[in-house]
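> Need a 3D model of the sequence below.
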Amino acid sequence: MVDRLSVASKLKNILPFYYGWVVVGASGTAVFARMAPNITTLTIFIFPLSQQFGWSRTLISGSVSAGALAALVLSPAIGWAIDRYGVRPVLVVSMVVLGLAMTSLAWATTPLTFYLAFAAARVVFHTPAPIGASTVVSRWFIKKRGRAIGVIFLCGAIGGLVFTVLAAQMIEHFSIKAAWLSLGIVVFAVAVAPAMFLVVERPADIGLLPDDDQPPRPDLDSNERAVSNGNGSLDEDSWTVAETLKTRSFWILFLMGMAMLGVSTGNNVHIGAFYRDQGLTLTSSAAALGLGWVVSAFSSIIWGRVLERIESRYAYSIAFLALGVSTLFLLTVDSPGRAFMAAGMIGITSSGSNVVMSIMYANYYGRNSLGRIRGISETGVLIGQSAGPLVVGVLFDSRGSYSFVFLLFGGIALACCLIVLTAKPPIRPARPLRTGQETLI
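You can find the predicted model right below:
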């Protein structure tokens, strides 16, 4: 610990920029690596796995639900561990687990072994990587939080593109086994060392302030010295978990996360197979998915900057509108051109949901208990992610088409774009301050 902080302390004096951006880059490698078991990667495997092993699409997509259910149980504990032990050890352990899980899939030839390995990888995808990275970045940035979190999800979008294309190429030119091995090797190579040696929990650990601000002047009063979090509230006034759970906005966000990820995950798990059903080749399907990740990468930065300028619930509403439109547009896909258009819209939605949710919780409830708050809120996301793929798989197997699913899910998303507007920034009731025998409000 001492040596690692010593390295960071030296780097902060040598680098021509704020060390917080090093933390963004280091934690961004974990968000990059978490995309190895991403659903658009899995969708590349669905068709060849079903051909090689005779597994149904419902069975394969059920592995996503299994991972979500496992993460559902572990998410609150992981959030607690982030606040208790720090982001760095959680990221390091999770990246090692992810690398081992991805490589072990090369020998998963039965549904049980496939489910165990892929579910373990999906636990890392769901909770420790995104929550850990966004939590530590939220501690380093307040005024520039939007663009900083946009950058880490830019890394995730690049990861989605890299792993999707890598999986497709390895399957087409070598084998399914080679594809799984290559994904695991990339995880080990990219993400373990940066998390271990470069992530520092808080700027105060190396004598800095968030956003590289200067210490407040001693002649200012307490209100003037407080640091604004860029959303109209005082970041020093962080909410406790108990206080957060009593707010109406938290439970609206909980349900909206469930809906957002239920619809988007359900669509995305099956979209590769849907493209194949529409006559696209494996290469064309992978190219369309890759375009989605390119759009997502650029959109992450744009979403981050937008969230520094408008209230986050309005941005969330826009993300739901984009999700509804893109889902309904899938009904018209009958050529590679339309598949590429759909993929682009999905990329905008994907980046928006990631960035908006991460920033919204930090802006609404502060930094001190953010790991535990996100760990609890993630259970709603995980319920949606576990249900969405199964609902789509069951409806496809019973109807032989995705049309009804796209109509249903598109309608849900459009309804949520109005509901999420009711999640207003919470206002904490005035706390009594006692001075002697008097109570001041």
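
> pLDDT weak spots in the stretch 1-150 of the chain?
When residues are selected by pLDDT under 70, those of the stretch 1-150 of the chain lie in 1-6.

> how about the helices in it?
2-14, 20-33, 39-53, 57-85, 87-104, 111-126, 128-140, 145-173 (DSSP state H, counting those that start in this stretch).

> Single out the most deeply packed of those helices.
Highest mean neighbour count among the helices of the stretch 1-150 of the chain (mean count of other CB atoms under 10 Å): helix 128-140, with a mean of 28. To be clear about C-beta, it is placed using only N, CA and C from the backbone, and glycine gets the same treatment.

> Report all helices and strands that it contacts.
helix 20-33, helix 57-85, helix 87-104, helix 145-173, helix 336-365, helix 370-399 (3 or more CB pairs under 8 Å, 6 or more residues apart in numbering; DSSP states H and E).

> Can you redo those helices as a markdown table, where the extra columns are distance to Val199?
As requested, those are exported to a markdown table (distance: least, CB to CB, whole Å):
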| stretch | distance to Val199 |
| --- | --- |
| helix 20-33 | 5 |
| helix 57-85 | 12 |
| helix 87-104 | 4 |
| helix 145-173 | 12 |
| helix 336-365 | 17 |
| helix 370-399 | 14 |
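
> Of all the ones you listed, which one comes closest to Pro194?
Among those, helix 20-33 comes nearest to Pro194, with 4.0 Å by CB to CB.

> helices or strands next to the closest one in the packing?
So helix 20-33, by 3+ CB pairs under 8 Å, 6+ apart, packs with helix 87-104, helix 128-140, helix 145-173, helix 176-197.

> follow-up on the earlier one: including distance to Ser326, could the helices of the stretch 1-150 of the chain go into a markdown table?
Shown next, in a markdown table, are these (distance: least, CB to CB, whole Å):
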| stretch | distance to Ser326 |
| --- | --- |
| helix 2-14 | 41 |
| helix 20-33 | 22 |
| helix 39-53 | 14 |
| helix 57-85 | 19 |
| helix 87-104 | 28 |
| helix 111-126 | 22 |
| helix 128-140 | 21 |
| helix 145-173 | 16 |
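
> out of those, nearest to Leu330?
Of all the helices of the stretch 1-150 of the chain, helix 39-53 sits nearest to Leu330, with 13.5 Å by CB to CB.

> Tell me which other helices or strands the closest one touches.
If you count contacts as 3+ CB pairs under 8 Å, 6+ apart, helix 39-53 packs onto helix 57-85, helix 145-173, helix 176-197, helix 248-277, helix 282-307.

> so which of those helices gets nearest Phe17?
Among the helices and strands packed on helix 39-53, helix 145-173 sits nearest to Phe17 (CB to CB), with 12.4 Å.

> Would you pull up how far that closest one lies from the middle of the chain?
In terms of CA atoms, centre = their mean, to the nearest Å, the centre of helix 145-173 is set 12 Å apart from its chain centre.

> returning to that earlier point: between the helices of the stretch 1-150 of the chain, which one is nearest to Val263?
The closest of these to Val263 is helix 39-53. By CB to CB, the value is 12.5 Å.

> what angle separates that closest one from helix 57-85?
Interaxial angle of helix 39-53 relative to helix 57-85 (axes from the mean of the first three to the mean of the last three CA atoms, to 10 degrees): 140 degrees.

> Output helix 39-53 as PDB, restricted to C-alpha atoms.
Backbone C-alpha positions of helix 39-53 (Å, rounded to 0.1, in the frame of the first residue of the first chain) are rendered in PDB as follows:
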ATOM      1  CA  ILE A  39     -24.300 -10.100 -24.300                       C
ATOM      2  CA  THR A  40     -23.200  -9.000 -27.700                       C
ATOM      3  CA  THR A  41     -20.200 -11.300 -27.400                       C
ATOM      4  CA  LEU A  42     -22.500 -14.100 -26.300                       C
ATOM      5  CA  THR A  43     -24.800 -13.500 -29.200                       C
ATOM      6  CA  ILE A  44     -21.900 -14.300 -31.600                       C
ATOM      7  CA  PHE A  45     -21.700 -17.700 -29.800                       C
ATOM      8  CA  ILE A  46     -25.400 -18.600 -29.800                       C
ATOM      9  CA  PHE A  47     -25.600 -19.800 -33.400                       C
ATOM     10  CA  PRO A  48     -22.400 -21.900 -33.400                       C
ATOM     11  CA  LEU A  49     -23.000 -23.300 -29.900                       C
ATOM     12  CA  SER A  50     -26.500 -24.400 -30.800                       C
ATOM     13  CA  GLN A  51     -25.200 -26.100 -34.000                       C
ATOM     14  CA  GLN A  52     -22.200 -27.800 -32.200                       C
ATOM     15  CA  PHE A  53     -24.000 -29.000 -29.000                       C
END
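
> okay, the angle between that helix and helix 370-399?
On the basis of the same axes, to 10 degrees, helix 39-53 is oriented at 40 degrees to helix 370-399.

> what does helix 39-53 contact?
Contact partners of helix 39-53, identified using CB atoms under 8 Å, 6 or more residues apart in numbering, comprise 35, 55-57, 60-61, 63-64, 109, 118, 160, 163-164, 167-168, 171, 176, 179, 183, 265, 268-273, 276, 282, 285-286, 289, 292-293, 389.

> Could you tell me which ranges of the stretch 201-350 of the chain sit under the pLDDT cut-off?
Within the stretch 201-350 of the chain, the stretches with pLDDT under 70 are 212-237, 282.

> Can you say which of the helices and strands packed on helix 39-53 is nearest to Asp211?
Evaluated over these, closeness to Asp211 peaks at helix 145-173, with 8.6 Å, by CB to CB.

> burial measure for the closest residue to Met256 other than its chain neighbours, as a count.
Leaving aside its sequence neighbours, Met256 sits nearest to Val420 (CB to CB, 6 or more residues apart in numbering; 4.9 Å). Look at Val420: counted by other CB atoms under 10 Å, it has 26 neighbours.
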